[in-house]
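K.L.:
Starting from these lines, generate the structure:
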Amino acid sequence: MPKPSPGDERPPRPAGAEAAAGRPRDCGEEGPRAPASPPQDLSGSELQEIADEIYKLTMAHEIVLNGDFKLQMVNFSPFSLENRVKETLHEAFWDSLKEQISANPPDYTQAIQLLQEIKEALLSLLLPRHNQLRSQIEEALDMELIRQEAEHGALDIRGLTTYILDTMAMLCAPVRDEEVQGLQSLTDPAQLLREIFRVLDLMKMDMLNFSIQSLRPHLQDPSIQYERKKFQELLDKLPHSLDHTTEWLREAAAAVSASLSEPQPHSAALQGAAGGSTALPSLTSMLNQGYMNLLCWEPGQKEYPETLLMDQARLQELRAQVNQLTVTAAVLLLTSSTCGSTLLFGSPGLGARLKLVTQGLLEGLPCARCEEALQDISDQVLQEVSRTLSQLGYPALTSDKCASLKGQIKSIADKSNVVRRVIEQRIHLFLSHFISPDGWNPQKGFPKGLDAIQEELQEVGRRFRSVIHHNRQVFGPSYLGILKKVLFPEAEPESDAGTDSF
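P.N.:
Residues are numbered from 1 along each chain as shown. I've put the predicted structure just below:
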C-alpha cells in the first residue's frame, strides 16, 4: 500500500482569499463572459477542469489585490471524518516505520525513501546562488552511499538527521527557529523524521509566501492579461450573456441619465469626477456610478455582476466599513451640535474617545443590529460628555438635552435619517473622486463633517480604488461594449457613437 504523504493531503489554500461568491455565469460579445450553471452535457472531468481553472484565476486575482495574501496548509476539523482518516493512515505509517527501524536487524527501506524526500525538500528551499550548499547537501545525503551503508548495517540515522536539522536551521525563516531547535531533543528516529517533515512543510510554505511577496510589485500588468485571457477561455467553454453585469450597468446608466433632468449633488459630482458633460453623460460616469452603487447593495439584495464575483466579499467588507464610518461621523456631528464643537473638539481626547467607543460598539455588527448598538452608544456618549463637563467645571446637560441627544443618536439607525443621509452622500462623493480618472485632490479639502474619520476614510478610498482600477483594466472593453448596446441597441457593432475611454 502506498504511504500517505507526511504532510497534509490537500493543497494549500490562500489565507484571507475570498473565493468567488458563486459560479461565473455568462458573457457578452465584446469581452469576457461569465458562465452560468454548468450544462448537463459536460463530463465530470470537464467540470473538474473548469473548477481548477476558476481556482487558478481566483488565486492570481488574490495575489495581486490582497496585500495580506498568504498560502496556508489546510487543517481539517479535529472531529471531521477527513481528519480521522488522515490521522489513522498517518499513525499506521509511522508505527510501521518505527517497527522497521527497531527490528533486529533494522529494515531501512522506508527510512531511505523518506531521506530521499527530505533531500529533495531541502534542495527546493535553496536559491540559485546557493551552489556551495547545494553541493554539500548532495554529498551529505548521497542516496547511493546511504543504501550501501544500510545494506552493511552501518547506516547512522542519528548523524544524518543531525546534519538535516543543522541545514534546516540555516535555511528556515526566523519564525521557525524555535520549532527547528525543538526537534533536537527528539530521540526516537521515527518521531524525529515525522516532525522533520512537518517543519519542512512549513518552511516550504514560508518560501512560497516570500516569493509571492517579492514578485507582487511585478505582477500587476501580467495578472491583468492573464485574468482577461483565462476568463475568456472559461466563457468560451460555457458561452452565455453577461446578464447580471448588463443589468448592473443598465441601472447605472439610467441613474446617471436621470440625474441630468433632476440634478442631485452626488450624481452631478460623479459626472464631474469622470469628466462627463452636463448635457450628455459619459460612459465613464455610468461605469463609476455602477461601482458606487455596489456600496449601497445589501448582501443578497441583488445578483452580483459576474465580472466582480471575485471581489464581492472585498466590496461588501468595504460597504460595511462605509456604513460604520457613516454612523460614527453622524454620532460625532450630532454630539457636536448638541454640546458645542468647542467642548467636543477642544477637550483633550474627548472626540477621540467618543469615536473609539462608537467604532468599538459597531465593530462586526450587521446593519440589522445597528439600532441596538446605537442605544449603547448613546449611553456611552452621555457618560463621556458628562464626565468631561464635570472635569472642566461646566454645567451639566439638562435632562431635555440629554433626552434629545439620545433620541437623535438612536434615530441614526433609520437609513432615511437626514443627518445620516447627508454624511453618507459626502462619503460617497469623496469615494467617487478616488475612482475617477483624476483621483482625489487634497487641495480641494476634506468634505465638511468628515474630519474625525479622515484617516479611516482615506484608507477605505485607497482599497476601493485598488479593486476598481484592477477590475476596470481587466473588463473595460466588456463594459464599453455592454454600455453601447444598452444606450444604442439599434447601432451597428462598429459604431463609435458615445465612445468614451475608461
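K.L.:
Give the residue spans of this structure that score low on pLDDT.
P.N.:
Scanning the chain for pLDDT under 70 picks out 1-43, 46, 50, 238-241, 261-281, 341-346, 367-368, 440-444, 490-502.
K.L.:
So what are the structural domains in it, by residue number?
P.N.:
1-241, 249-484 (automatic domain parsing).
K.L.:
most tightly surrounded among those?
P.N.:
Comparing the domains of the chain on average neighbours per residue, with mean count of other Cβ atoms under 10 Å, the densest one is domain 249-484 at a mean of 18. In short, each C-beta sits where N, CA and C put it, glycine included.
K.L.:
Regarding that one, how distant is the last residue from the first?
P.N.:
10 Å (Cα to Cα, to the nearest Å).
K.L.:
quick one: that domain to chain centroid distance?
P.N.:
Once both centres are worked out by Cα atoms, centre = their mean, to the nearest Å, domain 249-484 turns out to sit 21 Å from its chain's centre.
K.L.:
and if you look at stretch 65-79?
P.N.:
Offset of stretch 65-79 from its chain centre (Cα atoms, centre = their mean): 12 Å.
K.L.:
Then stretch 229-249?
P.N.:
Offset of stretch 229-249 from its chain centre (Cα atoms, centre = their mean): 23 Å.
K.L.:
From the opening residue of it to its closing one, how far?
P.N.:
Comparing the first residue of stretch 229-249 with its last one, the separation is 22 Å (Cα to Cα).
K.L.:
likewise stretch 149-167?
P.N.:
End-to-end distance for stretch 149-167: 22 Å, by Cα to Cα.
K.L.:
quick one: contacts of it?
P.N.:
Contacts to stretch 149-167, defined as Cβ atoms under 8 Å, 6 or more residues apart in numbering, come from residues 101, 105-106, 108, 111-112, 115, 118, 122, 133, 137, 140-141, 146, 180, 183-184, 189, 192-193, 196.
K.L.:
What is the helix or strand encompassing Tyr55 packed up against?
P.N.:
With elements taken from DSSP states H and E, the one containing Tyr55 is helix 44-65. Under the contact criterion of 3 or more Cβ pairs under 8 Å, 6 or more residues apart in numbering; DSSP states H and E, helix 44-65 touches strand 13-15, helix 220-237, helix 454-487.
K.L.:
Could you rerun that using 10 Å?
P.N.:
Counting contacts by 3 or more Cβ pairs under 10 Å, 6 or more residues apart in numbering; DSSP states H and E, the secondary-structure elements packed against helix 44-65 are strand 13-15, helix 189-215, helix 220-237, helix 312-339, helix 454-487.
K.L.:
Next, the angle from the fourth one to helix 454-487.
P.N.:
Yep, that's helix 312-339 we're talking about. For the pair helix 312-339 and helix 454-487, the angle between their directions (axes from the mean of the first three to the mean of the last three Cα atoms, to 10 degrees) equals 130 degrees.
K.L.:
could you say what helices and strands helix 312-339 packs with?
P.N.:
The criterion is 3+ Cβ pairs under 10 Å, 6+ apart, and the helices and strands that helix 312-339 contacts are helix 44-65, helix 283-294, helix 341-346, helix 350-362, helix 370-392, helix 399-410, helix 418-434, helix 454-487.
K.L.:
need those helices in CSV with distance to Cys172, can you?
P.N.:
Converted to CSV, the helices and strands packed on helix 312-339 look like this (distance: least, Cβ to Cβ, whole Å):
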stretch, distance to Cys172
helix 44-65, 23
helix 283-294, 43
helix 341-346, 51
helix 350-362, 39
helix 370-392, 45
helix 399-410, 53
helix 418-434, 41
helix 454-487, 33
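K.L.:
nearest to Val256, of the ones you listed?
P.N.:
Relative to Val256, the nearest member of the helices and strands packed on helix 312-339 by Cβ to Cβ is helix 283-294, separated by 5.0 Å.
K.L.:
picking up where we left off before, for Pro128, find the nearest of the helices and strands packed on helix 312-339.
P.N.:
helix 44-65 (22.0 Å).
K.L.:
got the angle for the closest one vs helix 189-215?
P.N.:
60 degrees.
K.L.:
Neighbouring strands - and their directions - for the very next helix or strand once past helix 44-65?
P.N.:
Following helix 44-65 in sequence order, the next helix or strand is strand 70-72 (DSSP H and E). Under the criterion DSSP bridges, strand 70-72 sits next to strand 13-15 (antiparallel) in its sheet.
K.L.:
ok, residues contacting stretch 106-120?
P.N.:
Among residues not part of stretch 106-120, those counted as contacts by Cβ atoms under 10 Å, 6 or more residues apart in numbering are 3, 5-6, 93-94, 96-97, 99-101, 137-138, 140-143, 146-147, 149-151, 153, 155, 157, 160-161, 164, 167-168, 189-190, 193-194, 196-197, 200.
K.L.:
Repeat the analysis, applying 6 Å as the threshold.
P.N.:
97, 100, 141, 143, 146, 150, 155, 164, 193 (Cβ atoms under 6 Å, 6 or more residues apart in numbering).
K.L.:
before we move on, the earlier item: let me have the helix holding Tyr55 in CSV, keeping just the CA atoms, if that works.
P.N.:
Taking Å, rounded to 0.1, in the frame of the first residue of the first chain, the C-alpha atoms of helix 44-65 are listed here in CSV:
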residue,chain,number,x,y,z
GLY,A,44,-17.2,15.1,-14.7
SER,A,45,-13.6,15.6,-15.9
GLU,A,46,-14.6,18.7,-17.8
LEU,A,47,-16.4,20.2,-14.8
GLN,A,48,-13.3,19.5,-12.7
GLU,A,49,-11.1,21.2,-15.3
ILE,A,50,-13.3,24.3,-15.2
ALA,A,51,-13.3,24.3,-11.4
ASP,A,52,-9.4,24.1,-11.5
GLU,A,53,-9.3,27.0,-13.9
ILE,A,54,-11.6,29.1,-11.7
TYR,A,55,-9.4,28.3,-8.7
LYS,A,56,-6.2,29.4,-10.6
LEU,A,57,-8.0,32.5,-11.7
THR,A,58,-9.1,33.4,-8.2
MET,A,59,-5.6,32.7,-6.8
ALA,A,60,-4.0,35.0,-9.4
HIS,A,61,-6.5,37.7,-8.6
GLU,A,62,-5.9,37.4,-4.9
ILE,A,63,-2.1,37.5,-5.1
VAL,A,64,-2.3,40.9,-6.8
LEU,A,65,-5.1,42.6,-4.9
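K.L.:
what separates that helix from the chain centre, distance-wise?
P.N.:
Offset of helix 44-65 from its chain centre (Cα atoms, centre = their mean): 16 Å.
K.L.:
what's the answer for stretch 225-232, then?
P.N.:
The chain centroid and the centroid of stretch 225-232 are separated by 20 Å, computed with Cα atoms, centre = their mean.
K.L.:
From Ile468, how far out is Arg250?
P.N.:
According to Cβ to Cβ, to the nearest Å, Arg250 and Ile468 sit 19 Å apart.
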